[in-house]
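> here's my sequence, what's the structure:
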Amino acid sequence: MEPNASQDTPVTGAPAGPVRGVLFDIDDTLVDLHAAMKDAMIAASRRLLPDFDAADWDGFAALYMADAGRYYDRYVAGEFSFTEQRGLRARAVFAHFGTPGFDAVAEREWIEDFERAQPGSIKAYPDVVPALDALDAAGIPYGAVSNNVHDYQRAKLDHAGLQRISVLVGIDTVNAAKPEPRVFWEGCRLLGTAPADTLYVGDNYLLDAEGSAAAGLQAVWLDRKGTGTPSDASLNRSGLGSGRRDAVRVVAGLGELGALTAAPGR
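Sure thing, here's the model as predicted:
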């Protein structure tokens with residue numbers, strides 16, 4: 001489904017009470033990170049892969065974002081620095097394509113080129129500003145909770161034109177990461193809302209939807225691609241499922257949030 005899916009799309013999931021605050025994930029929820037990273041990868045890699053065409057770059061980006069080595073998750077867990085995880089992911093992709101000469105110097109230059117290029121491609125999805133406008137009109141405060149460090153995500157929101165999102169919790173804010181409850185609770189504290197009265201919206205079913213549900217928030221999974229809820233088998237294999245599937249509501253775009261925030265008693 002398209003990012004700005006119609007408000008007529010039915011909202012599925014368990015009913016919930018009034019909404020007095022909304023918290024969002026950032027990457028691939030508010031900001032089209034995949035597109036921005038792909039643009040930056042091409043800018044940083046073109047000199048090393050001069051014969052690549054559009055299909056090749058699609059494959060390159062897909063491999064990087066799949067992160068088979070789970071380097072980003074391991075960065076969040078404290079095993080690597082942010083720069084190290086970026087280099088390790090790039091190294092794995094270049095090895096897959098058999099690219100010669102991607103040594104430590106080339107890796108450092110690639111990371112630098114990537115970081116220079118990415119900010120210019122950071123953009124909010126088309127449905128973000130209308131959704132925030134609607135929340136402002138309704139007097140509902142909002143913020144963001146992200147599994148990256150505060151300052152990096154603050155810059156990302158600013159590049160995307162989302163300076164209006166002033167409440168931001170990163171993994172360094174309370175030294176914890178989603179799905180730990182205290183990161184969600186810190187977002188609620190900053191909004192001045194109780195978890196039970198706070199909507200959390202994110203694209204990662206386990207970290208965002210089940211994580212926020214387990215923390216006592218009203219969980220909303222944003223399924224922009226229309227992939228459907230992950231199977232019980234895949235959740236069990238991950239070892240992360242909280243068993244809160246019945247507490248998760250599903251939307252295809254942020255235009256559907258109006259149906260969730262208009263409950264009486266707000």
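
> helix, strand or coil for R224?
Secondary structure assignment for R224 (DSSP: H, G, I helix; E, B strand; the rest coil): coil.

> could you point out which residue ranges in the protein have low pLDDT?
1-16, 231-245, 263-266 (pLDDT under 70).

> okay, now the domains of it?
Listed by automatic domain parsing, the domain ranges of the chain are 21-32+123-261, 33-121.

> so how far is the last one off the chain centroid?
Relative to its chain's centre, domain 33-121 lies at 18 Å (C-alpha atoms, centre = their mean, to the nearest Å).

> now the end-to-end length of that domain.
Terminal residues of domain 33-121 are spaced 9 Å apart (C-alpha to C-alpha, to the nearest Å).

> go on, the first one?
Taking C-alpha to C-alpha, the first and last residues of domain 21-32+123-261 lie 9 Å apart.

> figure out how far it is from the centre of its chain.
Relative to its chain's centre, domain 21-32+123-261 lies at 8 Å (C-alpha atoms, centre = their mean).

> which stretches in the stretch 1-150 of the chain count as helices?
33-45, 54-66, 71-76, 82-96, 104-117, 128-138, 150-159 (DSSP state H, counting those that start in this stretch).

> which strands and helices sit next to the third one?
Contacts of helix 71-76 with other secondary structure elements, assessed using 3 or more C-beta pairs under 8 Å, 6 or more residues apart in numbering; DSSP states H and E, are made with helix 82-96. In this view, the C-beta of every residue, glycine as well, is placed from N, C-alpha and C.

> what helices or strands is the helix it packs on leaning on?
With contacts taken as 3+ C-beta pairs under 8 Å, 6+ apart, helix 82-96 sits against helix 54-66, helix 71-76, helix 104-117.

> coming back round to it: kindly reformat the helices of the stretch 1-150 of the chain as CSV containing distance to A209 and mean neighbour count.
Putting those into CSV (distance: least, C-beta to C-beta, whole Å; neighbours: other C-beta atoms under 10 Å) gives the following:
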stretch, distance to A209, mean neighbour count
helix 33-45, 18, 19
helix 54-66, 20, 15
helix 71-76, 17, 18
helix 82-96, 24, 18
helix 104-117, 30, 15
helix 128-138, 18, 16
helix 150-159, 20, 17
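
> which of those sits closest to V167?
In terms of C-beta to C-beta, the element of these nearest to V167 is helix 150-159, at 10.8 Å.

> may I have that closest one as CSV, with CA atoms only?
What follows is helix 150-159, C-alpha atoms only, in CSV (Å, rounded to 0.1, in the frame of the first residue of the first chain):
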residue,chain,number,x,y,z
HIS,A,150,19.4,11.2,20.4
ASP,A,151,21.6,13.7,18.6
TYR,A,152,21.8,11.7,15.4
GLN,A,153,18.0,11.3,15.3
ARG,A,154,17.5,14.9,16.2
ALA,A,155,19.5,15.9,13.1
LYS,A,156,17.6,13.4,11.0
LEU,A,157,14.2,14.9,12.1
ASP,A,158,15.5,18.4,11.3
HIS,A,159,16.8,17.4,7.9
